[in-house]
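> Provide a 3D model corresponding to the input given below.
(4 chains)
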There are 4 protein chains.
Amino acid sequence: MQKPLNIGMIGYGFMGRAHSNAYCKVGHFFDLPYRLVLKAVCARNADKVRAFANQWGYESVETDWRKLVERQDIDLIDICTPNNTHAEIAIAAAEHGKMVLCEKPLAMNAAEGRRMVEAVEKAGVPNMVWYNYRRVPAVTFAKQLVDEGRLGRVFHYRAKFLQDWTINPELPQGGTALWRLDVAAAGSGVTGDLLAHCIDTALWLNGPLTTVSAMTETFVKERKHNLTGKIEKVGIDDACTFMGRFQNGSLASFESTRYARGHKALYTFEINGEHASIFWDLHDLHRLQFFDHRDAGVVRGWRSIHVTDGEHPYMGKWWVPGLAIGYEHSFVHQVADFLDGVAKGKPAQPDFRDALRTQYVCDAVLESARTGQWVNVTLI
Amino acid sequence: MQKPLNIGMIGYGFMGRAHSNAYCKVGHFFDLPYRLVLKAVCARNADKVRAFANQWGYESVETDWRKLVERQDIDLIDICTPNNTHAEIAIAAAEHGKMVLCEKPLAMNAAEGRRMVEAVEKAGVPNMVWYNYRRVPAVTFAKQLVDEGRLGRVFHYRAKFLQDWTINPELPQGGTALWRLDVAAAGSGVTGDLLAHCIDTALWLNGPLTTVSAMTETFVKERKHNLTGKIEKVGIDDACTFMGRFQNGSLASFESTRYARGHKALYTFEINGEHASIFWDLHDLHRLQFFDHRDAGVVRGWRSIHVTDGEHPYMGKWWVPGLAIGYEHSFVHQVADFLDGVAKGKPAQPDFRDALRTQYVCDAVLESARTGQWVNVTLI
Amino acid sequence: MQKPLNIGMIGYGFMGRAHSNAYCKVGHFFDLPYRLVLKAVCARNADKVRAFANQWGYESVETDWRKLVERQDIDLIDICTPNNTHAEIAIAAAEHGKMVLCEKPLAMNAAEGRRMVEAVEKAGVPNMVWYNYRRVPAVTFAKQLVDEGRLGRVFHYRAKFLQDWTINPELPQGGTALWRLDVAAAGSGVTGDLLAHCIDTALWLNGPLTTVSAMTETFVKERKHNLTGKIEKVGIDDACTFMGRFQNGSLASFESTRYARGHKALYTFEINGEHASIFWDLHDLHRLQFFDHRDAGVVRGWRSIHVTDGEHPYMGKWWVPGLAIGYEHSFVHQVADFLDGVAKGKPAQPDFRDALRTQYVCDAVLESARTGQWVNVTLI
Amino acid sequence: MQKPLNIGMIGYGFMGRAHSNAYCKVGHFFDLPYRLVLKAVCARNADKVRAFANQWGYESVETDWRKLVERQDIDLIDICTPNNTHAEIAIAAAEHGKMVLCEKPLAMNAAEGRRMVEAVEKAGVPNMVWYNYRRVPAVTFAKQLVDEGRLGRVFHYRAKFLQDWTINPELPQGGTALWRLDVAAAGSGVTGDLLAHCIDTALWLNGPLTTVSAMTETFVKERKHNLTGKIEKVGIDDACTFMGRFQNGSLASFESTRYARGHKALYTFEINGEHASIFWDLHDLHRLQFFDHRDAGVVRGWRSIHVTDGEHPYMGKWWVPGLAIGYEHSFVHQVADFLDGVAKGKPAQPDFRDALRTQYVCDAVLESARTGQWVNVTLI
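Numbering: from 1, shown residues only, chains lettered A, B, ... in the order given. Here you go, the predicted structure:
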């Protein structure tokens, strides 16, 4: 018999929907050690939060997150709010003994992140950050191939995250829908929003980055601010490119932008090893491109692996070979793994500490872009 | 306030899961005129059906479908059982005034299908057949492009459905998992299983097929039968190819097989019109390839449209541009459209009558393969 | 020291250029047993043939092909004229003891082709037909893979040749540039022009086709005739689709058309075997797609082999890995192989007899399209 | 009547063949203002140079390049020798009033390059550097699209040149075949060999690069040297990554390596503009990917343009739509354009001065990699 696990979610935007969907769905496909209960959802707008609760089946609502974290009937706090609120909420939740799930990036900066890690570790509560792309089956499968040693010595790791949705200079910044463009709410632009995903995957697949040299650009210098109604300076980075070195001797090449016309969410990575190479692309998320130099010479070629077989990570839980799952399923997998980790006392990754590593890279990248110097990454 | 609509599902295999998932999920993403209630699920094995009910939240179970169709608290019967049971169940359900959803193909043959159509039309109950691929967003989008007249006069329609999962001659036939290989349960092989999908889409996009010439093959002539334990003759078609003519003057080229090594579920179609062409592929289901001859000459090319924008069919209900949905979502869309049709009194397609058209083509194809002659398709 | 071999070419259109280029170029890249001499080119228009001779370095010109085939200083006659002239010229050339190279298709029909085969075989002269696609490196490589037994039992062979250049109904038929649209000059439409290529490759890779069922269509029924200036009935097939069976038990699916909007010269073929599958596409002629089921399950995928390594057929003669050759090189390879065959007394393929096999298939296809019946192919 | 133009080529390696092929072929396809005469080829090994002359039809040979540049019967000197000889030969050739064609990169460094530019400009002789990729039709077509203003303001330019042929540490350095791995002969590794191509195209398409930050790596630190027979330090860069800024405000991201397993000659570039984006890839050199935001929203997609139509640059000279040309044709086009420029007195690009701009970028890149600082590019 499954024990109930009561969820209290804060925020009901895009991520609130993605997480709620995962909570509703995971038990239909995975054998879980807990029965998830949508206990409460919290947001400042009472009408809207009630409507959201109705649509998704949350049992109750709150409009003050402090009340939520104090409730005795809540086991887990899930933070889906803008970046500038993560630290305060997460620390309070930990102090009340709640498990804490937090949207990425962990924090506004590494200093904040460090305090968050201290809080959850001191409280001894399970914690995790929603770097969901690790759990796209093709990406998890890439990790398997790396762990099996199929690549040999790695020479290159390159990643890009290209979007094009902010090219229009008339697009305003700030407010509920566009807080990602407001530096006060987001902390940074593409670095924390997009590169953070690339870095999380990279550290997972290829180990620590030790040193970086970066460049950022803000193409549109001023935008109307939704909170003030005035034209204001844009504080975020519209684009960020960096190169660097990994501890394993391989070279890093990273780029992200919201000004790459024609790309909606083109997160790609490629790893070139002595024996094999791997390429993945979020727009065709089921395919892993794999080149194995140990194949016989004449028939060597990039293999387009449609990662939908029962033997592929997570796929045995879904449909039949050839039939795709989508973006949302990465969240389902993350919930399943988190619960499994809680039950077994082996924390699923990335936990707060792991996400702090990504934060240190982001901080180093932004510092390098500011100073024009190579910057060493703090390693923990 | 939404009225409840009580669902009784028969069968809990692959399709039982796909439909249950759609029922659970559709209300989170679509504004529905009804609140779906998982009232009962029915199957012969009491233990297994109870476990299934538990996992998906069905309120009750039955082990005899006749009881289910008689229950007063059921509004809709959903038939997810092997093909040889569709007619009897559907007719009984209609006679009890239930709405009827039926897995494809509609029936074992057109004669059966005709009786089913008569039953639902006489009873005046909403009815639909799960040709789900119409509601993959890229396919629905193809229909939009056709309806807008972008193709002009059509010259060619070609479709393939290629799989490779039955190449191994040691694979047995029959029983719960492999009834699709048993002619007594399935009626035909790839014709009813795979080509039926291709034909449904084709009739929808390109109008009636009038005449066909077909060829079938059974590559593995004998397989162990799971129900008898003996080696028995294989009665299904392993592969079926046909050509034909549409009423609009275009030529048809169709092929399906379970012996195409390297293809898991490669359903593809291409339409070549005077002005434009369209290509789609289930393995990369979010992409629609579109060639428009009216583009300026030098920059003409096949456009790879990633059908994930808010303006694309259904996609405004899901995530953000660039982020994929999967196979299962086609069922969600079909439920949403069905309910919308019921509420508005405008039946969603394909209803039984529409699915019977596909059945007539299948029958003509199989007759042509048997006789080696061109066969005219019965048009209704 | 290389012996000279004196070439006399008839016709200077598209194929005249392709062959001349091959003659000029082959000796720079291949070690040849003969030194090719461009002795004479022949065509009816004296001015134009002289200009062509100038541009390509032919030593002399003729305006009557009968004179050319009688010249003592000519060793080889190369026929690049419309189909309705092949038989007469080839037979005369053979009777004068010349080697004969002939553009495809061999003849207007199999009856003509049979007389041509008799002539060259009686005369004992080396002969070959320009089915050049066999010698695109990726296609030759496909043949290697087949011959190595990598596919196992073959289930399916499918080929298409799709173009779109005759959709415009204002395009006239006949005359120098458009004789391919004039049934009197071409014998048939896409069947002899495009399908003949597909059939030649298929017989080479997969053995004899034994029986076919075909359908043809002429979408534009009348066109202005360039020779008469009048609107005349179009006698050629604009599109031809056929299915059939190979002697090895595999199923055939073939299609060709000049009405597939968006495709310029999309010749593709795919072979599905028990163990492996192969796909090729003329638009990206350097890539061979290869799926090997004997790869370990999780890393199985279609390999995109860029056939440009030194180990790949012919490629050691050209540049370095990764650098493409093009369409014209297939002719260079064919010349090299022909000369090698002459020197060794082992005729390069396809010779006239081999090309006659393709002609028999074309005849059966056209007969089937006329009669609506399955037709057996004459095997020789 | 065409005037003869007598060519004297120095070097007969890979590039010697590529250039000779272009000289032999260009007149068959292009109407030229000059008739090219292969007057002499020069290399130190008398036997080999004679064999080469025989195979390609050079009228005479030399074994001392100084003699060649002094010959009265030579109009043009073509330098196909290792980088460390370019300057001396080119300057001598210019001083003797010869036209000079020089393989890329122009020189060992910008200082040398500057002297070369001074020499040809002082002598007033036509000159050009073989950055051949500008004249792949799809690349030339990209330039057209840029010049027509289709991209609008440019935000990003990224290029990569990835190879994998030096991963094996047993591969020696130096000598005739492997001088590119010997810093004394090559000046640098991938920077001068591969990045130089990327930079040339970038400056042409996107204007001056003003500042760069770079990183280089030598993965294999020691290799046997073919000239000494001893294990020696490797002085070249195996990989080079740089970022930077263009004068037009766009960001640069460049990478090249010979350690990217699975890539033979993967030169790719992508430009992201306000209105449109372009992508090209040498492995599939006929395709230009083009995304135009001004297409109607729902049908926006990357267009795969098969650049083989008669309207596309250079393609009207070759075959018919859909039929590919290859790597070698870029050299043919360059010869045709060079001769046209000579005849019209409008120098074809890139001339020495233009190639010096690329050299300045290479120098800045290498300096940045050495110092870890951003470096400004010398602009001329």
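> can you find the residue of the stretch 1-150 of chain A that comes nearest to chain D?
Residue of the stretch 1-150 of chain A nearest chain D, by C-beta to the nearest C-beta: residue A:150 (11.0 Å). Using the backbone N, CA and C atoms, a C-beta is placed for each residue, glycine as well.
> quick one: that residue and residue A:274 touch, right?
No: counting by C-beta atoms under 8 Å, residue A:150 stays clear of residue A:274, with 10.2 Å between them.
> how near is the residue of the stretch 1-150 of chain A closest to chain D to chain B?
Applying C-beta to the nearest C-beta, to the nearest Å, the value for residue A:150 to chain B is 21 Å.
> got it, and residue A:211?
Residue A:211 is 31 Å from chain B, by C-beta to the nearest C-beta.
> please name the residues that touch that residue.
A:244-245, A:364, A:374-377 (C-beta atoms under 8 Å, 6 or more residues apart in numbering or on different chains).
> now with 10 Å?
A:243-247, A:252, A:364, A:368, A:374-377, D:215, D:372 (C-beta atoms under 10 Å, 6 or more residues apart in numbering or on different chains).
> break down the stretch 101-250 of chain A into its strands, ranges please.
Per DSSP state E, counting those that start in this stretch, the stretch 101-250 of chain A carries strands over the ranges A:127-129, A:154-162, A:209-217, A:222-224, A:231-233, A:239-246.
> residues from the stretch 51-200 of chain A in reach of chain D?
Counting by C-beta under 10 Å from any C-beta of the partner chain, the stretch 51-200 of chain A comes close to chain D at A:151-156, A:158, A:160, A:162, A:164, A:167-169.
> same thing but at 6 Å, please
The stretch 51-200 of chain A comes close to chain D at residues A:155-156, as judged by C-beta under 6 Å from any C-beta of the partner chain.
> next, the angle from the longest helix along chain A to strand A:239-246.
Counting residues, the longest helix in chain A under DSSP state H turns out to be helix A:352-371. Using axes from the mean of the first three to the mean of the last three C-alpha atoms, to 10 degrees, the inter-axis angle of helix A:352-371 relative to strand A:239-246 is 110 degrees.
> still on that earlier bit, for the residue of the stretch 1-150 of chain A closest to chain D, which non-adjacent residue is closest in space?
residue A:276 (5.0 Å; C-beta to C-beta, 6 or more residues apart in numbering or on different chains).
> again with residue A:257
Sequence neighbours aside, residue A:239 is the residue nearest to residue A:257 in space, at 3.8 Å (criterion: C-beta to C-beta, 6+ apart).
> likewise residue A:297?
residue C:311 (5.5 Å).
> how much space separates that neighbour from residue C:40?
39 Å (C-beta to C-beta, to the nearest Å).
> contacting residues around the residue most central in space within chain A?
In chain A, the C-alpha nearest the mean C-alpha coordinate belongs to residue A:131, at 2.4 Å (C-alpha atoms, centre = their mean). By C-beta atoms under 6 Å, 6 or more residues apart in numbering or on different chains, the contact set of residue A:131 is A:104, A:200, A:350.
> residues of the stretch 151-300 of chain A that sit close to chain B?
Residues of the stretch 151-300 of chain A lying near chain B by C-beta under 6 Å from any C-beta: A:264-265, A:283-285.
> hmm, back to that, the residue nearest to residue A:297 falls within a helix, correct?
No: per DSSP: H, G, I helix; E, B strand; the rest coil, residue C:311 lies outside any helix segment and is coil.
> that one against residue A:298, yeah?
Yes: between residue C:311 and residue A:298 a contact is recorded at 5.2 Å, counting by C-beta atoms under 6 Å.
> test of understanding: give the bridge partners of residue A:303.
Note on residue A:303: beta-bridge partners residue A:290, residue C:303, judged by DSSP bridges.
> re the thing from before, just among the residues of the stretch 151-300 of chain A next to chain B, which is most surrounded?
Among these, the one with the most neighbours (other C-beta atoms under 10 Å in any protein chain shown) is residue A:285, at 26 neighbours.
> looks like it contacts residue A:136 (just checking).
Yes: counting by C-beta under 6 Å, residue A:136 is a contact partner of residue A:285 at 5.2 Å.
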